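Novice: show me the folded form of this:
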Amino acid sequence: MSLKQNLKTIKQEFDQDEKMLENAFRLEILARRYRRYLIAIAVILVAIGVWYGVSHYLKAQHTHQATAAYAKLLEDSTDSEALKALEKASVELYDLYRYSNANEDEVFQSLTHSKNELVRILATYELASIEAGKADKEGKLDTANLDATPNYPLKDFALLQEAFLLFNHHQAQNARDKLLLVSQPSILQEEVDNLRHYQIFEK
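Specialist: Residues are numbered from 1 along each chain as shown. Down below sits the predicted model:
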């Protein structure tokens, strides 16, 4: 009985070894058949890893260069080399710097096409505000550009400014209509209420 059991166990082990060898041969055949594909996949994975590492490194370098150039400009705004370095390292940060130091309409005009969305919105509003102010000084009313201010985040400021200009040009009803368009609740609610009160008081 013991001998039979031992033989059975040995046979089972041989069967298992045979299956393992079969599987090993199959894997070897598959490896030979698809060797080129496997090598290509490995090369692609390595290339992706290298590309990711290099792009991450370059991005970090650009960020460092932009930050260093911006810090130099904060110390000395006449440093033309730092300004060029900032433009090369980060166009969006360069546009933000130009906006924060802009004094001329031409600069605001060029920034209305900035890749930096925040700068683009701010420059558009600033230019519209300047043009409306110039027209008001000449006794004219020009709120077309203010009216075209993007909905977010400066629309309420533009509406308040339009209402003020309309009020100055004795168009109280139009001014009230503009004030009704200010979003509720608004951080400008106090100014809106003051302007409404002033209009009623002046009647």
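
Novice: burial of residue 124, as a residue count?
Specialist: Residue 124 is flanked by 22 other residues according to other Cβ atoms under 10 Å. (Glycine included, C-beta is placed from N, CA and C.)

Novice: wait, I meant residue 190
Specialist: For residue 190, the count of nearby residues is 9 (other Cβ under 10 Å).

Novice: quick one: which helix or strand includes it?
Specialist: Here residue 190 is covered by helix 189-202, with elements defined by DSSP states H and E.

Novice: can you check residue 164 too?
Specialist: Assigned by DSSP H and E, residue 164 falls within helix 155-168.

Novice: check residue 92 too.
Specialist: helix 91-100.

Novice: now that helix: average pLDDT?
Specialist: Averaged across helix 91-100, pLDDT comes to 86.

Novice: what's the answer for stretch 5-13, then?
Specialist: Mean pLDDT, stretch 5-13: 68.

Novice: what's the answer for stretch 54-72, then?
Specialist: 84.

Novice: again with stretch 30-45
Specialist: Stretch 30-45 comes out at a mean pLDDT of 77.

Novice: list of residues touching it?
Specialist: For stretch 30-45, there are no surrounding residues in contact (Cβ atoms under 8 Å, 6 or more residues apart in numbering).

Novice: could you tell me the angle between the helix or strand where residue 130 lies and helix 155-168?
Specialist: Using DSSP H and E, residue 130 maps to helix 117-137. For helix 117-137 against helix 155-168, the angle by axes from the mean of the first three to the mean of the last three Cα atoms, to 10 degrees is 0 degrees.

Novice: can I get the helix or strand following helix 117-137 in CSV? Just the C-alpha atoms.
Specialist: Following helix 117-137 in sequence order, the next helix or strand is helix 144-147 (DSSP H and E). C-alpha atoms of helix 144-147 as CSV (Å, rounded to 0.1, in the frame of the first residue of the first chain):
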residue,chain,number,x,y,z
ALA,A,144,-19.8,100.4,-25.4
ASN,A,145,-16.5,98.9,-24.3
LEU,A,146,-17.6,98.8,-20.7
ASP,A,147,-20.8,97.1,-21.8
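
Novice: mind listing what's buried along helix 144-147?
Specialist: Neighbour counts over helix 144-147 (16 or more other Cβ atoms under 10 Å) mark 145-146 as buried.

Novice: ok, stretch 124-140 next?
Specialist: Buried residues in stretch 124-140, counted by 16+ other Cβ under 10 Å: 124-129, 131-132, 135-136.
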